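Novice: Generate a structure from the sequence data that follows.
(one chain, ligands or ions: 2)
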Amino acid sequence: MLENDISIIVPVYNEEGNLSELYNRLTKTLESISNKYQIIFVNDGSNDDSFVKILAFAENNPKVFYLNLSRNFGHQIAVSAGLEYCNAKCTVIIDSDLQDPPELISELYAKYREGFDVVYAKRKKRKGESFLKKLTAKLYYRLLKRWVSFEIPLDAGDFRLISKKVVNAINNMPEQNKFLRAQIAWLGFKQTNVLFNRETRKHGESGYSYSKMFRLAFDGITGFSDKPLLYVSRLGFVISIFSFLVIIYAIFSHYVLKETITGWTSLIISAAFIGGIQLLSIGVIGEYISRINTNVKGRPLYIIDATNIDCDIDNKS
Ligand code: UDP
Ligand code: MG
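Specialist: Numbering: from 1, shown residues only. Ligands and ions are numbered 1, 2, ... in the order given. Here you go, the predicted model:
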């Protein structure tokens, strides 16, 4: 039985400065929508006082739940954990740094009531993010869009509402390397968007280091497209043909024209070039193999240290 009309999943990593305002604005918005709501805070191994704050919210409000993960597993996994435990007709994923305005949930919910299964919040403006981040994100999503065979919405993060149907489908996707926004796009269903201005982070620092961002970007590509493998093999083919022609020319000029080409420069350039291309190709193949490795190991995605959710209840009904 679905107990709630709406469930909110909030991944939290070192957000002590933002949680109180977030909680107040969230509950205010939710109460105006329905009194059958739940908020699930997923504490992703914060090393500040975030969890203490979450425990206080839960103590005062029986609609607040928490999953305290045993360490930092990363944003996508924290949200995936929340998705496995939520129990409502629809679920909203929202960042805890107040970049995603909680008030927009009313608009997302209104669209859900119109019959949409996925309502994603599309960014009109992104305040306070570096030029480099905006540029790389823009280029990356345009590239990804060309490489996959389904529609990926541009200028949208994970701030969105999804219906229970979508939550169930996501929970049944077996991959270990999560890239939720593309997984949801891959699923299809009736999708729409609501526009909003993305604010700057209120307090604290971004938990997404460059290495986490690269990991996410690679997971997005290797999880949804085999194009890099295709391009690498094509590149190998083109370079082989070119090398073959150069060899023929070298033999021809030695035996027929009697001109032996001397020169260290040409040699070192071609050796370095081929070496570079080979390493790049092995790296691309390695990315795919590493995915296979992760998936074969089949470890649990996350470990829960503490929760106030009754785990014996079958949340997937
Ligand atoms: N987050 C998380 N685990 C992490 C990194 C981030 O749960 O390892 C949470 C973080 O608390 C926030 C959301 O994921 O609610 C988005 O992270 P952040 O604001 O740091 O990313 P950015 O907006 O800079 O891309
Ligand atoms: Mg943020």
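Novice: near ligand 1, which residues of the stretch 151-300 of the chain show up?
Specialist: 201, 206-208 (C-beta under 6 Å from any ligand atom). C-beta: built from backbone N, CA, C; applies to glycine.
Novice: among those, who's most crowded?
Specialist: Counting neighbours by other C-beta atoms under 10 Å, residue 207 leads those with 22 neighbours.
Novice: For that residue, which non-adjacent residue is closest in space?
Specialist: Counting by C-beta to C-beta, 6 or more residues apart in numbering, residue 13 is the residue found nearest to residue 207 once chain neighbours are left out, at 4.1 Å.
Novice: Tell me who's in contact with that neighbour.
Specialist: Residues near residue 13 by C-beta atoms under 8 Å, 6 or more residues apart in numbering: 43-46, 50, 72, 75, 78, 207.
Novice: For residue 111, which non-adjacent residue is closest in space?
Specialist: residue 119 is the one closest to residue 111 (C-beta to C-beta, 6+ apart), at 4.2 Å.
Novice: Show me what the one you found is bridged to.
Specialist: Assessed by DSSP bridges, residue 119 has beta-bridge partners residue 161, residue 192.
Novice: separation between it and ligand 2?
Specialist: Distance of residue 119 to ligand 2, given as C-beta to the ion, to the nearest Å: 20 Å.
Novice: That residue is in contact with residue 105, isn't it?
Specialist: No: contact between residue 119 and residue 105 fails when scored by C-beta atoms under 8 Å: they sit 9.9 Å apart.
Novice: what do these two both touch?
Specialist: residue 161.
Novice: Model confidence at whichever residue of the stretch 201-317 of the chain sits closest to ligand 2, what's the number?
Specialist: Distances between the stretch 201-317 of the chain and ligand 2 by C-beta to the ion are smallest at residue 201, namely 4.9 Å. Note for residue 201: predicted pLDDT of 81.
Novice: Enumerate the residues of the chain near ligand 2.
Specialist: 97, 99, 201 (C-beta under 5 Å from the ion).
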